[in-house]
Structures are given as structure tokens and as C-alpha cells.
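Novice: how would this look folded up:
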Amino acid sequence: MERITSFRDLKVWQKAMDLVPQVYEVAARLPKSERYALSDQMRRAAVSVPANIAEGHARAYTREFLHHLSIARGSLAEVLTLLLIAERLGYLDQAGLKALEQQVQHTRRLLWALMARLQAKANP
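Specialist: Next up is the predicted model:
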């Protein structure tokens, strides 16, 4: 197993970073009327996922890391919800939604696995 020396080494952070430009692409295709609503919220939520993973990793205590991972998990759920809203409003087709949904779910699984490992470490 590789030693994690930076948040950049975390697979979950890498996957979350991969999700950001994909969400930005969807947000860029939204109508101008959504520029300051759905589009901005979608971007902020997507950026929040890797940002909170990185911030949590930089914290001194496992509990703090877990707290930030929990925030990242919430932001990931927000991203998915906003993508579902975009699809319901006709701004995103089902094929596009499905691909992004798979990426979100994969990132979520990695996030849950990391949280479980950290919780086991914190509560032996």
C-alpha cells in the first residue's frame, strides 16, 4: 500500500478533481438565465468536494479530517441533486446525467471507504 503524504495522493481527491471540470462543462451549457442560480451553485458544490478533502487532510486531528470529509460528502450529494434538477429542467440529457451520476457514485464510494478507515483508526 502506498504511503499518503499529501491530499494529492488520495484517490478520492483525484476522482473529485476529475468531477469538477465535467460539472463546469454542464454548467457552461446552461442557459444564461441560470448563470447566477443553478450554474453557480453547481460549480460551488463541485469545487467544495475536493477542497474539503484537502482541507481535512491538512488538519491535525482525525476528527477534523472526518468532519471535512462529511462536508465533502454533503457537497457531493448536492452536486448530484443539482445535476438531477438540470436534467428535469431539460438542460441535461439522460445519457449525460448517467455518466456524471456514475462518477459521483464512484467518488462517494471512495469517500465512504476513507471515512470508514479513519473511523476505525479513531475508534479501535
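
Novice: C-alpha only now, for contacts and for neighbours.
Specialist: OK.

Novice: so what's Glu87 closest to, chain neighbours aside?
Specialist: Distances taken as Cα to Cα, 6 or more residues apart in numbering put Asp93 closest to Glu87, at 6.0 Å, once the chain neighbours are dropped.

Novice: burial of that neighbour, as a residue count?
Specialist: Using other Cα atoms under 10 Å, Asp93 has 12 neighbouring residues.

Novice: Equivalent analysis for the one 10 residues further on, please.
Specialist: Residue neighbour count, defined by other Cα under 10 Å, stands at 18 for Gln103.

Novice: Secondary structure element for it, which one?
Specialist: Here Gln103, judged by DSSP states H and E, is contained in helix 94-122.

Novice: from the chain's centre, how far out does that helix sit?
Specialist: 8 Å (Cα atoms, centre = their mean, to the nearest Å).

Novice: what does stretch 91-102 give?
Specialist: Put simply, stretch 91-102 sits 16 Å off its chain's centre (Cα atoms, centre = their mean).

Novice: One more: stretch 37-55?
Specialist: For stretch 37-55 - counting by Cα atoms, centre = their mean - the centre lies 7 Å from the chain centre.

Novice: Then stretch 12-24?
Specialist: Distance, stretch centre to chain centre, for stretch 12-24: 7 Å (Cα atoms, centre = their mean).

Novice: Give the buried residues for it.
Specialist: For stretch 12-24, burial by neighbour count (16 or more other Cα atoms under 10 Å) applies to Val12, Trp13, Lys15, Ala16, Met17, Leu19, Val20, Gln22, Val23, Tyr24.

Novice: Name the nearest residue to Ala16, ignoring sequence neighbours.
Specialist: Closest residue in space to Ala16, ignoring its immediate chain neighbours: Pro50 at 5.3 Å, by Cα to Cα, 6+ apart.

Novice: Quick check, the one you found in contact with Met17.
Specialist: Yes: counting by Cα atoms under 8 Å, Met17 is a contact partner of Pro50 at 6.0 Å.
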